[in-house]
Each structure stands twice: as C-alpha cells, then as structure tokens.
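**Q** Need coordinates for the below:
(one chain, ligands or ions: 1)
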Amino acid sequence: MQEQHELYENARKRIKQKRRLYLHFVIFAIGSVFLFVLDRFFNVGGEYVDDWFKWAILLWSFFWILHFVNVFITKKFMGTEWERKHTEKLVAKQEIKIEKIKQGLERESQHKAESQFYNDLERKKKSTKQTITLIAAIANDNALGKDNDLIWHLPADLKRFKSTTTGHHIIMGRNTYESIGKPLPNRTSVIITRNPDYKAEGCVVVNSLKEAIEVAENDTNPYIIGGAQIYEQAIELADKLDITEVHNSFDADVFFPIIDKRKWQETSRKKFSADEKNQFDYSFVTYQKND
Ligand SMILES: NC(=O)c1ccc[n+]([C@@H]2O[C@H](COP(=O)([O-])OP(=O)(O)OC[C@H]3O[C@@H](n4cnc5c(N)ncnc54)[C@H](OP(=O)(O)O)[C@@H]3O)[C@@H](O)[C@H]2O)c1
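**A** Numbering: from 1, shown residues only. Modelled structure (predicted):
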C-alpha cells in the first residue's frame with residue numbers, strides 16, 4: 001500500500017512538472033511572436049538596439065532548455081529521492097536473495113557432509129560389525145510419551161531395557177535425558193543438544209547425532225533410546241529396532257516414526273498378557289533392516 005501510494009504521488013508530481021514545461025513552451029512561443037511583433041511593427045527599441053528581440057528570444061530559449069533538462073534529465077524519471085528509495089529497496093531484495101542462496105549452499109554442503117558421513121558409517125559398521133539399535137516402547141498409533149514423560153508404567157519393559165542396554169552407550173535427546181533426570185548406571189549416557197554450554201554430570205554431551213555416533217564408535221552395540229526427535233533422525237542409520245509394543249491407546253504428544261515394512265523385517269515377536277505387575281498386554285518385537 002505504502003509503495004502504491006508513493007508511486008501515485010510521484011506520478012502526480014511528474015504530470016505537474018510536464019504540464020508546467022508544456023505551458024512554459026506555449027508562453028515562450030507566444031512571447032517570441034509578441035516580441036517579434038513589438039520589434040517589427042511597433043519599432044520598440046528604435047534604431048539604437050538592433051535585433052534586440054532575437055537576443056531576448058535566445059535568452060528565453062536558454063531558460064526553457066534549462067527547464068527541459070531539469071524535467072527530463074536531471075530529475076530523471078521520478079526524482080532523485082524516489083530513485084534513492086527504490087535503489088535501497090532493490091539492494092535489500094538482493095541481500096535477501098543472496099542470503100537465501102548462501103543458506104541453500106550451506107544446506108547443500110551440510111547434506112553432502114551428512115551423506116558422506118552415512119556412507120562412511122555404513123562401511124565402518126560393516127568392518128567393525130557394529131549394530132546401532134533404536135530401543136523404544138510404543139503404544140497404539142506409535143505413541144511414545146506426553147508432557148516429556150512416559151505415559152505408562154510397565155516394569156517388564158524397564159527390565160528388558162535395563163538388561164539390553166547395560167554396558168553400552170545410550171544415546172538420547174536432551175528432553176529424554178531431562179525426563180529421566182540422571183545418568184543411568186552401568187551405561188555411558190550420551191546427550192544430544194544444540195546448546196554448546198549444556199552440562200550434565202556423569203554424561204557425555206554432544207551437539208549432533210553424528211558426534212554421538214562418533215563417541216560410541218568403539219561400542220559394537222550402541223543404543224539410541226529416544227525421544228521422538230532423535231528416533232526420527234536416527235531411524236535411517238539404525239540396523240535394528242527393539243520395540244516393546246504396549247497394546248493400549250493413550251493420549252500422547254510425541255510419536256515413534258512409522259516403521260516402513262519395506263525397509264524393516266520383523267525377526268521376532270513375543271506376546272505377553274497383562275499381569276499383577278504389568279497393567280497392559282505387551283509384545284517384544286525385533287526388526288532388522290533389510291540389506
Ligand atoms: N516410549 C519410549 O520408549 C520413549 C523413549 C524416550 C523418550 N520418550 C518420550 O519422548 C519424549 C521426549 O522426546 P522429544 O522428541 O520431545 O525430545 P528428545 O528427542 O528426547 O530431545 C529433543 C532435543 O534433542 C536435541 N536435538 C534434537 N535433534 C538434534 C540435532 N540434530 N542436533 C543437536 N541437538 C538435537 C534438542 O535439544 P536442545 O533443545 O537442548 O537443543 C532437542 O530439543 C518424552 O515424552 C519422553 O518421555 C519415550
């Protein structure tokens with residue numbers, strides 16, 4: 001709206017300028033004829049000043065040319081102020097474009113570095129026989145938790161989690177760590193956060209999933225223990241999924257990613273019924289990634 005208003009105002013000024021120049025020309029033309037008539041028919045100036053009207057017309061034409069130059073050349077299209085503003089706008093637009101190009105290039109080089117990392121990781125895993133496992137308990141609709149906490153209490157799952165992960169690296173997002181609240185015993189807790197100043201006693205803090213995997217490079221079975229954000233990013237690089245299916249529906253705000261059955265092969269399933277300790281039916285399910 002502001003720009004449209006400015007354009008309208010400038011167009012109005014411009015019309016006025018041109019109209020004035022045109023009027024000036026008409027007056028100049030009539031004036032010149034008038035001066036000619038004064039000289040020739042009324043002998044104004046007499047014998048003393050020869051061809052004085054020619055000099056007057058010449059002087060006037062000089063002023064008219066100045067006026068013309070001012071309207072069409074010096075002030076250019078819409079005046080210097082308008083030009084300055086529009087140059088600034090164009091420069092700002094260019095800067096935004098340059099910033100977008102820079103971000104695109106950064107993303108591209110990040111993407112290249114990531115795919116290089118994943119390729120190297122695949123080779124390394126093969127040579128060291130490392131298996132990266134995502135371990136999670138998921139209810140109906142892949143529900144994981146709510147309000148940064150678990151929604152159910154299933155001792156059988158906790159027992160399985162403890163026996164499976166003991167002695168290994170457990171890699172988790174900062175939210176999951178804060179939901180647990182302390183490093184788990186007999187395991188190396190690796191916390192992923194973007195905060196470079198984050199501290200957690202007894203844990204290794206890293207700033208990317210890539211770094212977390214590097215920290216655990218000598219562990220043949222590191223576990224990625226969540227939460228939703230980390231599962232989402234890590235499922236591509238994992239080899240195995242240890243899932244506890246909790247056969248119940250819950251109101252959740254975080255979810256495990258969809259397990260693509262074209263990529264993942266179910267290799268074992270054990271179903272258990274609810275009992276006095278475990279309130280819900282559950283299954284221990286293992287998936288291996290297809291080659
Ligand atoms: N059912 C289960 O088995 C299970 C298991 C684990 C967790 N959970 C549940 O899941 C929920 C927590 O999951 P969530 O998704 O909210 O959080 P999360 O994945 O545990 O952690 C997210 C945080 O990790 C950091 N992060 C994520 N991606 C990163 C990256 N690429 N580089 C650097 N840092 C990165 C960020 O920390 P900063 O903000 O500090 O930068 C981010 O806020 C809780 O409800 C928990 O109970 C359930």
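**Q** For stretch 120-139, which residues meet the burial criterion?
**A** 121, 125, 130-139 (16 or more other Cβ atoms under 10 Å). Every C-beta, even on glycine, is put in place using the N, C-alpha and C of the backbone.
**Q** Where does residue 69 sit, in terms of helix or strand?
**A** helix 52-69 (DSSP states H and E).
**Q** just how off-centre is that helix within its chain?
**A** Computed by Cα atoms, centre = their mean, to the nearest Å, the separation of helix 52-69 from the middle of its chain amounts to 62 Å.
**Q** Give me the contacts around that helix.
**A** 20-21, 24-25, 28, 31-32, 35-36, 38-39, 45 (Cβ atoms under 8 Å, 6 or more residues apart in numbering).
**Q** let's see it at 7 Å
**A** Residues from elsewhere that reach helix 52-69 (Cβ atoms under 7 Å, 6 or more residues apart in numbering): 21, 24-25, 28, 31-32, 35-36, 38-39, 45.
**Q** cool, stretch 95-104 as well?
**A** Against stretch 95-104 from outside (Cβ under 7 Å, 6+ apart): no residues.
**Q** and if you look at stretch 268-285?
**A** By Cβ under 7 Å, 6+ apart, the residues outside stretch 268-285 that reach it are 152, 154-157, 160, 243-248, 266, 286.
**Q** Below-threshold pLDDT in this structure: ranges please.
**A** Along the chain, segments meeting pLDDT under 70 span 1, 46-49, 75-80, 82-83.
**Q** can you do 50?
**A** With pLDDT under 50 as the threshold, the chain has no low-confidence stretch at all.
**Q** Write out the residues of it neighbouring the ligand.
**A** Neighbours of the ligand within the chain, by Cβ under 6 Å from any ligand atom: 136-137, 144-145, 148-150, 172-176, 179, 192-195, 207-209, 225-230, 233, 254.
**Q** Tell me which of those fall in strands.
**A** When DSSP state E defines the strands, the subset of those inside them is 136-137, 144-145, 172-173, 192, 225-226, 254.
**Q** Show me which pair in those is furthest apart.
**A** 137 and 192 (19.8 Å; Cβ to Cβ).
**Q** tell me which element residue 271 falls in.
**A** Applying DSSP H and E, one finds residue 271 within strand 264-272.
**Q** and that strand, which strands flank it?
**A** strand 282-289 (antiparallel) (DSSP bridges).
**Q** returning to what we had before: sort out which residues of the strand holding residue 271 are buried, please.
**A** Buried-residue list, strand 264-272, by 16+ other Cβ under 10 Å: 264, 272.
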